[in-house]
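Enquirer: predicted coordinates and the sequence they were generated for:
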Amino acid sequence: MNNINSINTNDKDCTEEFVEQIQAAITHKHCLQIIGGNSKGFYGRPDSPARCDSILNVSSHTGILYYEPSELVLRARAGTPIAEINHLLAKNRQCLSFNPPCYSKHTTLGGVVASGLTGPNRPYWGSVRDAVLGLQIINGEANVLNFGGQVIKNVAGYDLSRFLVGSLGTLGLINEVTVKVIPQNELTRSFVSESANTLDSIKCISQLKYRSLPLSASCIHNNFLTIQFSGPEKLISNIESKLDNRWQETDNHFWSDLRDHKLEFFKKTKSLWRLNLSATDELNFSSLKHYQSELIEWDGRLRWLTGNFDESELRQLVNKVQGQACSFRNQNSVNFVFQPLSPEIKHLSTQIKQTFDPHGVFNPNKMYSDW
Amino acid sequence: MESSKSKLITELRLIVPSQCLLFEEEQLAPYECDGLSAYRQLPMLVVLPETIEQIQAIMKLCSQQNVPVIARGAGTGLSGGALPRPDSILLSLAKFNKIKKIDRINQIAVVEPGVRNISISEAAKEHNLYYAPDPSSQIACTIGGNVAENAGGVHCLKYGLTVHNISSLKIINIEGELISIGDSGLDSAGYDFLALLTGSEGLLGIIIEITVKLLVIPPKATVLLAAFNSIEKAGAAVANIIAAGIIPAGLEMMDQNAVRAAEAFAHAGYPTDAQAILLCELDGLAEEVDALTDKSYKILMAADAVDIKISRNDEERLIFWKGRKAAFPAVGRITPDYYCMDGTIPRKHLAKVLKEISRLSDEYGLAVANVFHAGDGNLHPLILYDANKPGELERTEEFGGKILELCISVGGTITGEHGVGIEKIDHMCIQFSKDELEFFRKIKQVFDPNTLLNPGKAIPTLSRCAEFGAMHVHSGDEKFPELERF
C-alpha cells in the first residue's frame, strides 16, 4: 500500500466469501442480487430483485488498496464508499474525473462502475468507463479474473474492464476497481444566463467551446443556461472579462445538486426519463401527452424528461435519431427500461451473458427481459 | 490449396470487379507484411472491396468456405497484426477512404476505415477542430487500423487513446451481418461493445465506419525542453509535474544514447552532454498555457534541470519536437539493426526499470537507446544489435523478453500502444493467467465461432505460448522509413 494516509481499520477483504456464495448459488441453481450501497436500487428493471433467491452484498468489501498521487491511479475494493475515495483524493488535490452521482452517502465505487453513470462533467472529463484502467471480477463460474491493469496505456487482451462498465452486475461481480484520477482544478466558477430556447443555449455553449474557454459543464432548464468553468486560478478568477454582461455568477453547489438529483426538478417527479441524443436532435417532446418538463446536461446530449407519457411514442421519437431513452425512476408501467436493442446486438449480448455467467447467477433480467 | 484458390477466385469474381482482386505473386508481395517486417508471408489472395455489400458477400463466402480473413488498413502496425497467412484472404479497406460528415456543433466526424488519421484533422481544420489521437505513423496509418489497435500517440496523457475519442462504429461480422455499435448520444444502451471492439486487433469484426470525436484546436501550445544530468532526476521531475496537478499535452523523455542519435540526425538543439532530456508540451488558452509554463519551469528547476529552453513560437516548438519524432530513424542510422519494445510501467518505477535495463544491457553486451512517453509510462527501449553477428539476434530477443517481464513485474503491461499481434503473443501468457486467456478465447467464440477472423493473433492458444517474435529492423530497412516513429 502506497501513500495512503487514511487506512480504515474496518477494511475487509470478502473475496473468499463471495466466491463461496457464488459457488453455492451455482450448486443450488440460485440467482443472486448484487447490492453495493443500494443508492441506485431503483435503476434497472424493477422485476429483477424478485427473481433472485438471495442478496450478495458488496458493501462490506472495502478498502483503498493503492493510491499514488503522482501516478494518477487508485485501486479499491468495490464496496469502498465514493465519499471515502473523494475525501482521500481531495487531500491530495485530486478527484474522480467522472464525478459520479451519489444519490446517497452509501454510494460505492463498485456500484458506480456497474451502473456506469457519470456526472455533469462528462463531455469534458469523460465517463466512468473512460477512467477505468482495470477490474478484478468474479464471473458466474466463481473464477476470479483480472482484466486491464494500473497503467494508462495498455492494449494487451480484449478491453473487458471497460466493457463491464455499465453492465449492471449482469455479467459478474465487480470485486476490485482501478481508475485513473485527475488533478483538481485550482478554481471553479459558475454563471447563469437567460436563454430563449434550447437550441439557442446549445449554440451558445458551442460558441464558448470554439473560443476555447475552459468550460467544464452546462445545464439548460426553464429558459436558463448555467455553465461551469474550471482551470488554473489565474485564468478562472478573471473569466468574466471574457463573457458578456448577461451572465450572472451563481453558486457552484448547483452542480452537486444537479449530479445527485437534489434539484427541485428531480424531487417532484413521478416518472423520470433519461435520454441520450445528439445535441442537435430537435425533438418535439411537447407533443407527448402528459409531458411535464425537461432538463438538459452534457451540452445538449443528455436530457431528463418528466411526465407520465406514453412509452412507445417517446421511443419512436428517439429511435428516429438513433438516440436512446431509459426509464430512470418509477418505471413500473414500462415495457422496456432501456432502449430495445437491435437483433444483432441482442444476439451478441445474450451470448456474452452466457459466456460470463453460464448458470445465470447474477442479476437476472436487470437490463433486458431476455437474460 | 491451388484448386481451392481457383474456386475462391471464381466466386470472388462474382462479388468484386476484377481490379479489386489480386492473386498473382507479384501483386501479393506488397501485402506480405506490415510494419513488423521481420515476419513475412504471402496471403492466398488480396481483395480490395469498394462497397459494404461487397464486404458482406465476401464475409459470407469466407464463412461458408472456412477461409480465414485478415483485415488491413495502411499496414503500418508494429506488432504484425496484419500479417497474412498462406490460406487467408487479406481484406484491404484502402478503398473506404471517405470522410462522410463533419458535424460542427456535435464535434464529430463520420469516416470510413481507410481514411488516414491525419486526413481527419486536415479536413476538420477549416472548422477549427482536430482529432486528438496522434500515433506516430499518422500521416499514413488509417483510422480503421487505429480502432483495431486502440492506437495511442504523444497526446494520450491529456486526450486519451482511440477508445476515448470515438463514439460509434459499424462493423461487419464473419457471417456478413452489418452491426451498428453505439448511438448518437454519449452513452449507449446495453453492453459497451464499443470498448470491446476497440483494440480487438481484427479478431471480432471488420470495422467499416467510425464516428470520431473532434476537439477545438487549442489557441496556444508551448514546449519546455529540459536537460538533466541523471535519468533519476528526469524521472523525478516527471512525477513532480504530475503531482503538482499539471497534465501536459505531451511529456516525453529520451536518454543520452537517444539524444545523441536524434541530435546528429535532426539538429534540434538538444544538449548532447545531458544524461536525459524532457520535452513538456502545454496547450490551451494563452493565459492558461503561460501560467502552466511558469509552474512547470519552476518544478523542472527544483528537480535540478541543468538547462531549460522554452519555445517562443510554433516554429521553435516544432524544432524541439523534430528530434524526438526522428528518434527511431536516427537510432536506425547508428546501428545495423534495432529491436523496438513497447512496455508500459507505473511512472514511479521508471528509474528502477531503466537501471535494470542498463544492467541487462551490460549483461547481454547490447546497447540500448531509450525513448519514452514518460507522462504515461510507455517505454520504447531500442536494443541495438547486428543480425549478421552469429547469436546476436537470439540474445536480443532474450533481452527484449526480459524487458517485457520486467514491465509486468513492476505492475505494467507488455504493450502500451503497438498491440500484441504476432509479436507479443507469447508474452500474453506471462501477463494473463490461463483462466483469463481461456476467457478471452470464449469472447472470441461469441463473435467468430470458427476462428476465421485474423486467426493466431493477439490471444495465444496455450500451446502457442512457447514461441516468440519481435520487431527487427535490418540495416535501417524499416517498412515505411519515411514515417516518424515515436
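Expert: Great, that's in hand.
Enquirer: tell me where the stretch 1-150 of chain B has helices.
Expert: Ranges of helices in the stretch 1-150 of chain B, per DSSP state H, counting those that start in this stretch, are B:2-13, B:25-28, B:52-65, B:117-124, B:143-149.
Enquirer: neighbouring contacts of the second one?
Expert: To tie it back to what came earlier, the one meant is helix B:25-28. Helix B:25-28 is contacted by residues B:22, B:42-43, B:45-46 when judged by C-beta atoms under 8 Å, 6 or more residues apart in numbering or on different chains. Quick note: C-beta positions are derived from backbone N, CA and C, even for glycine.
Enquirer: can you give me the end-to-end distance of stretch B:259-272?
Expert: 6 Å (C-alpha to C-alpha, to the nearest Å).
Enquirer: give me the contact list for that stretch.
Expert: Stretch B:259-272 is contacted from outside by B:225, B:227, B:254, B:256, B:274, B:276-277, B:306-307, B:309, B:319-327, B:329-331, B:333-334, B:369, using C-beta under 8 Å, 6+ apart.
Enquirer: list the buried residues of it.
Expert: B:259-263, B:265-266, B:268, B:270-271 (16 or more other C-beta atoms under 10 Å in any protein chain shown).
Enquirer: same check on stretch B:87-102?
Expert: Within stretch B:87-102, the residues scored as buried using 16+ other C-beta under 10 Å are B:88-93, B:96-97, B:99, B:102.
Enquirer: quick check, nearest of the residues you listed to A:Leu243?
Expert: B:Ile102 (27.8 Å; C-beta to C-beta).
Enquirer: show me the contacts for the closest one.
Expert: The contact partners of B:Ile102, by C-beta under 8 Å, 6+ apart, come to B:108-109, B:123-124, B:127, B:129, B:214.
Enquirer: pLDDT weak spots in chain A?
Expert: For chain A, the stretches with pLDDT under 70 are A:1-9, A:269, A:331-332.
Enquirer: okay, now the closest residue to chain B within it: neighbour count?
Expert: Closest to chain B within chain A is A:Asn276: 2.7 Å, counting by C-beta to the nearest C-beta. Number of residues near A:Asn276 (other C-beta atoms under 10 Å in any protein chain shown) recorded here: 22.
Enquirer: likewise for the one 5 residues further on?
Expert: The burial count assigned to A:Asp281 is 19, neighbours taken as other C-beta under 10 Å.
Enquirer: that one contacts B:Ser184, correct?
Expert: Yes: proximity of A:Asp281 to B:Ser184 meets the contact threshold set by C-beta atoms under 8 Å, at 6.8 Å.
Enquirer: mind listing the shared neighbours of the two?
Expert: A:321, A:323.
Enquirer: just to revisit the earlier point, so can I have a markdown table of the buried residues of stretch B:259-272 showing distance to B:Ile118, secondary structure and pLDDT?
Expert: Formatted as a markdown table, the buried residues of stretch B:259-272 follow (distance: C-beta to C-beta, whole Å; DSSP: H, G, I helix; E, B strand; the rest coil; pLDDT from 0 to 100):
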| residue | distance to B:Ile118 | secondary structure | pLDDT |
| --- | --- | --- | --- |
| B:Val259 | 27 | helix | 96 |
| B:Arg260 | 29 | helix | 96 |
| B:Ala261 | 25 | helix | 95 |
| B:Ala262 | 22 | helix | 94 |
| B:Glu263 | 26 | helix | 95 |
| B:Phe265 | 22 | helix | 92 |
| B:Ala266 | 20 | helix | 91 |
| B:Ala268 | 21 | coil | 92 |
| B:Tyr270 | 25 | coil | 96 |
| B:Pro271 | 31 | coil | 96 |
